[in-house]
Structures are given as C-alpha cells and as structure tokens.
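Asks: sequence first, then the predicted structure:
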Amino acid sequence: MSQNLIQNTIDFVKEKLHGAEAGHDWFHIERVWKLSRKIAETENCNLEVVELSALLHDIADPKFHHGDETLALEISREFLESQQVSEDIITQVLFIIQNISFKNRGEVPENLPIELKIVQDADRLDAIGAIGIARTFNFGGFKNNLMYHPDMPPKLNMSKEEYKKNEGTTINHFYEKLLLLKDLMNTEKGKELAAERHRFMLKFLEEFDKEWNVD
Ligand code: ADP
Ligand code: NI
C-alpha cells in the first residue's frame, strides 16, 4: 500500500475539517483511524480499505451539511480518483462511508464486509467512554441543548427521522444511543474495548444523578 496515499488522505481530511465541531474534527478522525488499525490487526481484512474509510468517514457529515447524505460520497470519490485509487477500492470505501452511521442502522444490508465492521466499531468506540462523554457534551453545547431535564424522559426506538429531529437533552442521548452501542459491536476486539468504556459511562451517569439530586 502506498504510504503516500494515506499521508495525502490525512492532509486532505485535516484541511477539510478545519474549524469543525470538536467532537467531529480531525482528532476524532485520528482516534477512529488508530482504533481501526488496532482492530484490523485482529481480523483478516484489506487494510487499505479500512484506513481510507476511517479517514474519510466524516468528511461531510449530513448533520453539519443541511442533511445532505450524498456530499461525503461525492467529495470522497473525487479525492480518491485524483489519487488514482482503483475503482474497486473506491466502491468499497464509499459503501462503508454510506453505511457506517448509527442512524442508518435500520437500512444496512446483511453480510457486511469486515472492513465496514471494523471502522464502525472504531467510530462507536469513540462515541463511548470518557471521550464519548466529552464529545457528547460538546455537541450538546454546540446545539445549545439542555444538559438534563428531570421532566424529559429519553425516547427509545425512535425512527431515523425522529432521531435526526430530536431536541432532547444531552443526558438523554446516553440512553437513546450511547448505552446501546456496547451490544452493537461487530468484532471481538471491539466488544472487549467497549466493555470498559461502557462501565465508565454508567459510573458517570450514577454520579451525575447523585450530584443533581441533592437532598
Ligand atoms: P453517527 O455519527 O453514528 O451518525 P450521531 O450523529 O448520532 O452518530 O452522533 C455522533 C456523536 O455526536 C455522538 O456519539 C455524540 O457524541 C454526538 N451527538 C450526536 N447527537 C447528539 C445529541 N442529540 N446530543 C448530544 N450529542 C450528540
Ligand atoms: Ni465518526
């Protein structure tokens, strides 16, 4: 695999994500990329597809681009073609970018490629644990959402449309998404890494509740 291609992709992504919300910036991509490589060591997979997908997966997140779900695919294709990447690899990478997201979980086809499972696990790992907590509060602040409201219970089993529109509290997001991720992990390595991060979130929620409810 050409080291040059990975380095060029890093440079491209860093520039594109300049000024992004702190939970979806270059450092999120870097963590997901590193986690993807770590998981990939334990699986039989095409590392080039894994690395390119990890690096490009949030290049144009629809929630920061007026819901546009095709922009990321267009930008990624144009970049990969400019790097003379083969059509076969481009197709695999675009499929992963299109299907990695939590909110698309109802629509993803069966028999997913292992490269998608790896990058999805890495992305989900970065959504939980200490980093996950920090990202979630940062996003909530960015949206000016409430941290918590005692009279707003979490909404479970939302449809994709409801999930995107939902203006709940940041604490609700733990119950609506983050605490569900542990059981959605695809790989053994992902499950192992998720367990500790999950425990840490539960502990955090317990403390938060205790401190909120001073008697
Ligand atoms: P995906 O990127 O898998 O589609 P999301 O867009 O739901 O998933 O979320 C990515 C990350 O952004 C979450 O893990 C969380 O940190 C943050 N986030 C998304 N939606 C919310 C929300 N309503 N409240 C707080 N944080 C959120
Ligand atoms: Ni991501």
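Replies: Everything's here; your move. Numbering: from 1, shown residues only. Ligands and ions are numbered 1, 2, ... in the order given.
Asks: can you give me how far the helix or strand encompassing residue 119 is from the chain middle?
Replies: Taking DSSP states H and E as the criterion, residue 119 maps to helix 114-125. Averaged C-alpha coordinates place helix 114-125 at 9 Å from its chain's average position (C-alpha atoms, centre = their mean, to the nearest Å).
Asks: list the buried residues in that helix.
Replies: Using 16 or more other C-beta atoms under 10 Å as the test for burial, helix 114-125 gives 114, 115, 116, 117, 118, 119, 120, 121, 122, 123, 124, 125. The way it works is simple: take the backbone N, C-alpha and C, and place the C-beta from them, glycine included.
Asks: now do the helices in this protein.
Replies: Applying DSSP state H to the chain gives helices spanning 3-16, 26-40, 47-56, 71-82, 87-99, 114-125, 129-142, 160-165, 170-176, 188-212.
Asks: tell me the angle the second one makes with helix 129-142.
Replies: Okay, so that is helix 26-40. Interaxial angle, helix 26-40 versus helix 129-142 (axes from the mean of the first three to the mean of the last three C-alpha atoms, to 10 degrees): 150 degrees.
Asks: who touches helix 26-40?
Replies: 13-14, 17-18, 20, 47, 50-51, 53-55, 57-58, 118-119, 121-123, 125-126, 131, 135, 187, 189-190, 193 (C-beta atoms under 8 Å, 6 or more residues apart in numbering).
Asks: again, only using 6 Å
Replies: Here helix 26-40 makes contact (C-beta atoms under 6 Å, 6 or more residues apart in numbering) with 13-14, 17, 47, 50, 54-55, 118-119, 121-123, 125-126, 187, 189-190.
Asks: go back to those and keep what's next to ligand 2.
Replies: Residues of the contacts of helix 26-40 in contact with ligand 2 (C-beta under 5 Å from the ion): residue 123.
Asks: which positions in the worst-scoring helix or strand of the chain on mean pLDDT come out as buried?
Replies: Lowest by mean pLDDT, DSSP states H and E among the helices and strands of the chain is helix 160-165, with a mean of 78. Using 16+ other C-beta under 10 Å as the test for burial, helix 160-165 gives residue 163.
Asks: try stretch 140-147
Replies: For stretch 140-147, by 16+ other C-beta under 10 Å, it's 140, 145.
Asks: and the most centrally placed residue in the chain, how far is that from ligand 1?
Replies: Nearest to the geometric centre of the chain sits residue 123, at 3.6 Å (C-alpha atoms, centre = their mean). The spacing between residue 123 and ligand 1, counted by C-beta to the nearest ligand atom, to the nearest Å, is 6 Å.
Asks: next one: residue 177
Replies: Applying C-beta to the nearest ligand atom, the value for residue 177 to ligand 1 is 6 Å.
Asks: how about the residues of this structure that lie near ligand 2?
Replies: 58, 123.
Asks: in the chain, what spans have low per-residue confidence?
Replies: Applying pLDDT under 70 to the chain picks out residues 1, 102-109.
Asks: coming back round to it: relative to residue 147, how far out is the residue nearest to the centre of the chain?
Replies: Relative to residue 147, residue 123 is positioned 24 Å away (C-beta to C-beta, to the nearest Å).
Asks: check residue 127 too.
Replies: Taken as C-beta to C-beta, the span from residue 127 to residue 147 is 18 Å.
Asks: for residue 86, which residues are in contact?
Replies: Per C-beta under 6 Å, 6+ apart, neighbours of residue 86: none.
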